[in-house]
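In: Can you look at this prediction? I've put the sequence above it.
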Amino acid sequence: DAKGRWRWAAVTRPASQKVQGVLLSGMVASEDPLRDYALYLPLYNGVEKLEIGVPRSAEFRPVAPRREGAILFYGTSIMHGACASRPGMSISAIVGRRLGRPVINLGFSGNGKLEMELAKLIATVPADVYALDCLPNLGPGDVKARTEPFVHYLRQQRPQAHILLVEDRTYGDSWIREARRARNEGNRREFRAAYERLVKAGVERLHYLSGDTLLGDDGEATTDGSHPNDLGMMRYADAYCRVLEPLLS
């Protein structure tokens with residue numbers, strides 16, 4: 001907008017395989033008719049073809065290349081974007097807008113498992129920060145076995161980047177379901193121990209984000225006790241930004 005803030009403008013409804021609709025019309029006049037637009041594509045349905053139509057009198061100018069380094073998020077369905085009400089409400093999208101950084105969302109539903117094959121792939125992608133947010137798809141044994149090899153490899157390949165280890169969120173029903181509580185506690189215990197061993201081994205630029213801060217404690221931030229609703233996505237982004245902003249300033 002005129003103050004340089006990202007503001008929501010429009011959304012379309014995926015009513016069929018081929019969607020055609022008007023996103024914006026009757027726009028408010030502005031002293032500067034040129035605006036920057038960000039278009040968020042569907043989180044789960046792949047886009048095979050995209051066409052954007054505008055009035056013949058409209059003018060396009062290329063946006064200057066981004067100088068800031070990217071933030072790469074590697075995680076689960078939560079990072080993927082389930083269950084955001086619209087694509088721009090995923091955690092990575094919110095963080096990208098707030099921090100003015102390009103973001104790379106490598107959230108894989110049911111498959112954020114800290115596998116070495118993913119470490120090798122992720123290390124080929126330049127970024128200023130690599131956020132590892134995979135605990136919701138892991139158990140304590142896998143957390144213990146996989147965290148350190150993954151981080152050591154990533155650090156070897158990207159020695160100057162920040163690496164952020166992110167605990168799993170507290171299940172919304174962990175207060176009443178013992179198995180949920182035990183999984184949170186076991187994962188976090190092994191993750192924290194791995195982090196401390198990595199620090200002791202001399203791994204630098206390594207940071208840690210506690211899961212207790214991700215969703216709040218009022219029980220209102222998930223759809224099913226696991227996946228954040230829009231409120232949960234905002235709280236996740238708040239927690240991320242509290243850690244990332246000082247690193248990137």
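Out: Yep, it's here.
In: which residues does the residue nearest the centre of the chain contact?
Out: When C-alpha atoms, centre = their mean is applied to the chain, the residue found nearest the centroid is residue 92 (3.0 Å). Residues near residue 92 by C-beta atoms under 8 Å, 6 or more residues apart in numbering: 71, 73, 79, 103-105, 107. All C-beta atoms are positioned from the backbone trio N, CA, C, and that covers glycine.
In: can I get these in a markdown table with neighbour count?
Out: Listed next are the contacts of residue 92 as a markdown table, based on neighbours: other C-beta atoms under 10 Å:
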| residue | neighbour count |
| --- | --- |
| 71 | 25 |
| 73 | 27 |
| 79 | 24 |
| 103 | 20 |
| 104 | 17 |
| 105 | 20 |
| 107 | 22 |
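In: Narrow the residues you listed to those in helices?
Out: Under the assignment DSSP state H, the contacts of residue 92 contribute residue 79 to helices.
In: Out of the contacts of residue 92, the closest to residue 212 would be?
Out: residue 79 (18.2 Å; C-beta to C-beta).
In: ok, that closest one touching residue 109?
Out: No: contact criterion C-beta atoms under 8 Å: residue 79 and residue 109 do not qualify, at 9.3 Å.
In: still on that earlier bit, Serialize the contacts of residue 92 to a markdown table and add fields for distance to residue 20.
Out: As requested, the contacts of residue 92 are exported to a markdown table (distance: C-beta to C-beta, whole Å):
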| residue | distance to residue 20 |
| --- | --- |
| 71 | 33 |
| 73 | 31 |
| 79 | 30 |
| 103 | 28 |
| 104 | 29 |
| 105 | 26 |
| 107 | 28 |
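In: farthest-separated two in the contacts of residue 92?
Out: Checking these with C-beta to C-beta, the most distant pair is 71 and 107, at 12.9 Å.
In: ok, longest helix in the protein?
Out: Max-length helix for the chain by DSSP H is helix 178-200.
In: Mind giving me the packing neighbours of that one?
Out: For helix 178-200, the packing partners by 3 or more C-beta pairs under 8 Å, 6 or more residues apart in numbering; DSSP states H and E come out as helix 140-157, strand 162-166, strand 206-209.
In: Helices of the protein, residue ranges please.
Out: In the chain, the helices defined using DSSP H lie at 77-80, 91-99, 116-122, 140-157, 178-200, 230-248.
In: so which of these is the most packed in?
Out: With neighbours defined as mean count of other C-beta atoms under 10 Å, the helices of the chain peak in mean count at helix 77-80, which reaches a mean of 24.
In: Quick one: residues contacting the nearest residue to residue 173 once chain neighbours are set aside.
Out: Nearest non-adjacent residue to residue 173, counting by C-beta to C-beta, 6 or more residues apart in numbering: residue 225, 4.4 Å away. Counting by C-beta under 8 Å, 6+ apart, residue 225 touches 171-173, 180.
In: could I get those as JSON lines with distance to residue 53?
Out: Below are those laid out as JSON lines (distance: C-beta to C-beta, whole Å):
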{"residue": "171", "distance to residue 53": "45"}
{"residue": "172", "distance to residue 53": "43"}
{"residue": "173", "distance to residue 53": "47"}
{"residue": "180", "distance to residue 53": "49"}
